[in-house]
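Q: After the sequence you'll find the predicted model.
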Amino acid sequence: MAIERTLIVFKPDAVSRGIVGEILARFERVGLKIVGSKMLNPNTEFYHHHYEKIGTMITRHGQEIFDTTVAMMQAGPVIAFVLEGIDAVAVVRKMVGATESKSALPGTIRGDYSHMSYAHANEQKIGLPNILHASGDSKEAALEIAHWFSEAELFSYEAAHEKFTQTKKK
C-alpha cells in the first residue's frame, strides 16, 4: 500500500461546461482526498515547463502539437487539484480513461463526458477537449505537483473515511 499524491487539472472545456464538481465528486467517492486546489490561467512559459520540461511533448510530438495544446489550455481558466490516497496515481488514471476520448471506455470520466477523436481534433487544428489532465506516473506526479503548487498550498489532514481505508503503523 502506497499513500501518494497526484495532480489533476480540469481543462477549460470542463470548467466552461460546469462539470468540475460532478467529476471531482467521483474522485472523492472512491476515497481520494483533496489536499490542494486552485483556479488559474497559466501563461505559455508555465505550460512549456509542464508539457515539455516534465512531459516532453515537443520532443515526442513536435512544436505544432504543443502550440495547439497550449492554445486549447489557454481558452479559459483551469482548476488544478492535488489528490491523495492509496495508489492515487494509478486509481486516477484508471478512472480518467484513455487520453483519446473516443477510445475511452464507458464508465471512465473521458468515456462519460467527452467523445472527440485525435483525427477530428487534428483535422480541425484544435487541441483535444478531453476534460482533464492526470499525472502519468508517480515521478511525473511529484514533478507536476511541485510545478503547480507550493508546499504552503498543500494540506495534511485526516479524512473521515481514512480509518476504514488505511492502516496505521504500530
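A: Arrived safely, thanks for sending.
Q: Which of the three states applies to V89?
A: At V89 the chain is in helix, as set by DSSP: H, G, I helix; E, B strand; the rest coil.
Q: show me the contacts for it.
A: For V89, the contacting residues are E4, T6, S135, G136, D137, S138, A141, by CB atoms under 8 Å, 6 or more residues apart in numbering. (Each C-beta comes from the backbone N, C-alpha and C, glycine too.)
Q: any idea how far T56 is from it?
A: Remark: distance between V89 and T56 (CB to CB, to the nearest Å) = 18 Å.
Q: confidence score at the residue nearest to H115 when sequence neighbours are not counted?
A: Distance criterion CB to CB, 6 or more residues apart in numbering; nearest residue to H115, sequence neighbours excluded, is S101 at 5.3 Å. pLDDT recorded at S101 is 93.
Q: what does the one 5 residues further on give?
A: You'll see P106 listed with a pLDDT of 96.
Q: what are the ranges of the strands in the chain?
A: 3-10, 33-40, 78-86, 132-134 (DSSP state E).
Q: Among those, show me which one is buried the most.
A: Of all the strands of the chain, strand 132-134 carries the top mean neighbour count, a mean of 24, counting by mean count of other CB atoms under 10 Å.
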